[in-house]
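1. Quick one: sequence plus predicted model below, questions after.
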Amino acid sequence: MKSISFNDMFFRTLIDKHGFYMKQYKSNFHNVDKFVAMKEVEGGTYCVLITDDVDENIDVSEAIEFLNTIGKKFSLNVLILSTENYISNSLYHFNKLIINRNDNKVIFCDESCLPLQNIFNSIVKNKKEDRFVLKEQLPTIILILINTVIFLITAFFSRSIVDINTYVLLVFGAKFGPFISEGEYYRLFTCAFLHGGLIHLLCNMYSLYILGPQINAVYGTYKYISLYIICCFTSSLMSLICAPNTISVGASGAIFGLMGALIAFAFIERKRIDKRFMSGLLQVLVLNLIIGMSIRNIDNYGHIGGLLGGLIVGYIFYAMRLRSKKGRK
């Protein structure tokens, strides 16, 4: 952690969640304003200073000098960012919470600083959780960015974001049977990254934003990306077989595939997960299929192809994962 950003975060937590207030004083040595957090407790004022092992002596000295001017009985509790080789040479008596700045582990903690240690641990835990959430979302964010960039390019050539020109979609790789039969097999994949208009894009990207992190958490990043690509292909293949002369675009086939993969996971883990999860997932799936069949120009063959691909590949991937876990035990 960098001390400046950490100081701000720690002091903000003390103020927002633990009833502290801040006092500011001038550091003659550093020639900057310094801060100490304060809270009235039984027997006096509980004061918190943050420093590092290099500036410990001067910062503590100036803080004590300032606190003495307030005219209140106080206890000074100092959070020191240091290394494993911390050696104290302070001339003052104060309570210490010493943190290894390299790995955020507690090196030493006086009894009076235990509340600060708990606060520090909660901050570190939240930061780890934030990094975990970002890691879970990153593949989905990348897929959304790819879809969005391609859409903006097609919108530029169409001179519209509401309806993308059909000719532009064909040029950029829409699924169209006659062209595929002539050897343009790449269209089975590229069509899944094209969209017919802004509403089409927004609906699909919102669904991907909801489903993607769940798939990533269950299957892992590599299998998630593999699932997405395979379901793009199975969706396009089903559409090609059943409606070869239609022009099809959109990520919805791959998204139905992700729903299929979640259903496969829920089926395998049916004894361990809440039945309401499976029920809710099936309801969402059926609702989407009904909506697709009741609206014109929806490639339901593509939806079904993606769903079947997700069910089959998702089942295989998750069964492989469970077998791998058993093999390591």
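-> Sure, I can see it.

2. Roughly how far does the nearest residue to residue 197 once chain neighbours are set aside sit from residue 199?
-> Among residues not flanking residue 197 along the chain, residue 163 sits closest, at 5.0 Å (Cβ to Cβ, 6 or more residues apart in numbering). For the C-beta atoms, the positions are set from N, CA and C on the backbone; glycine is no exception. For residue 163, the distance to residue 199 (Cβ to Cβ, to the nearest Å) stands at 10 Å.

3. before we move on, what about residue 118?
-> 49 Å.

4. How about residue 181?
-> Distance from residue 181 to residue 199, by Cβ to Cβ: 31 Å.

5. tally of neighbours for residue 186?
-> Residue 186 is flanked by 11 other residues according to other Cβ atoms under 10 Å.

6. Correct me if wrong: it contacts residue 173.
-> Yes. Using Cβ atoms under 8 Å, residue 186 is in contact with residue 173, at 6.3 Å.

7. Let's test this: name the helix or strand in this structure with the lowest mean pLDDT.
-> The helix or strand of the chain with the lowest confidence, counting by mean pLDDT, DSSP states H and E, is helix 275-294 at a mean of 66.

8. And the next helix or strand past it?
-> Using DSSP states H and E, the helix or strand that follows helix 275-294 in sequence is helix 300-328.

9. avg pLDDT for that following helix?
-> Averaging pLDDT along helix 300-328 yields 88.

10. cool, and stretch 108-118?
-> The predicted model assigns stretch 108-118 a mean pLDDT of 90.

11. Touching, residue 21 and residue 36? I think so.
-> No. Between residue 21 and residue 36 there is no contact under Cβ under 8 Å: 10.1 Å.

12. if you count what's nearby, which of these two comes out ahead?
-> residue 36 (25 against 10).

13. The helix or strand where the more buried one lies pairs with which strands, and in what direction?
-> Using DSSP H and E, residue 36 maps to strand 32-41. Sheet pairing of strand 32-41 (DSSP bridges) gives strand 21-27 (antiparallel), strand 44-52 (antiparallel).

14. Tell me the buried residues in that strand?
-> By 16 or more other Cβ atoms under 10 Å, the buried positions in strand 32-41 come out as 34, 35, 36, 37, 38.

15. elements contacting the host helix or strand of residue 126?
-> Using DSSP H and E, residue 126 maps to helix 114-158. Other elements packing on helix 114-158 under the criterion 3 or more Cβ pairs under 8 Å, 6 or more residues apart in numbering; DSSP states H and E are helix 3-18, strand 74-82, strand 95-100, strand 106-109, helix 166-172, helix 198-219, helix 221-242.

16. can you tell which of those is closest to residue 140?
-> helix 198-219 (3.2 Å; Cβ to Cβ).

17. what packs against that closest one?
-> helix 114-158, helix 221-242, helix 252-268, helix 300-328.

18. Now mean neighbour count too, for these, in TSV please.
-> Converted to TSV, the helices and strands packed on helix 198-219 look like this (neighbours: other Cβ atoms under 10 Å):
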stretch	mean neighbour count
helix 114-158	15
helix 221-242	21
helix 252-268	25
helix 300-328	18
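
19. closest to residue 285 out of those helices?
-> So among those, helix 252-268 is nearest, using Cβ to Cβ, at 5.4 Å.

20. what about residue 307, distance to residue 47?
-> Distance, residue 307 to residue 47, by Cβ to Cβ: 62 Å.

21. show me where pLDDT drops low in this protein?
-> Filtered on pLDDT under 70, the chain yields the residue ranges 1-5, 84, 86-91, 128-134, 274-281, 284, 287-296, 325-329.

22. That one - how does it break down into domains?
-> 6-109, 131-327 (the TED database).

23. Now do the shortest one: distance from first to last residue.
-> Between the opening and closing residues of domain 6-109 we find a distance of 18 Å, counting by Cα to Cα, to the nearest Å.

24. again with stretch 28-47
-> 20 Å.

25. Tally up the residues packed near residue 7, please.
-> 18.
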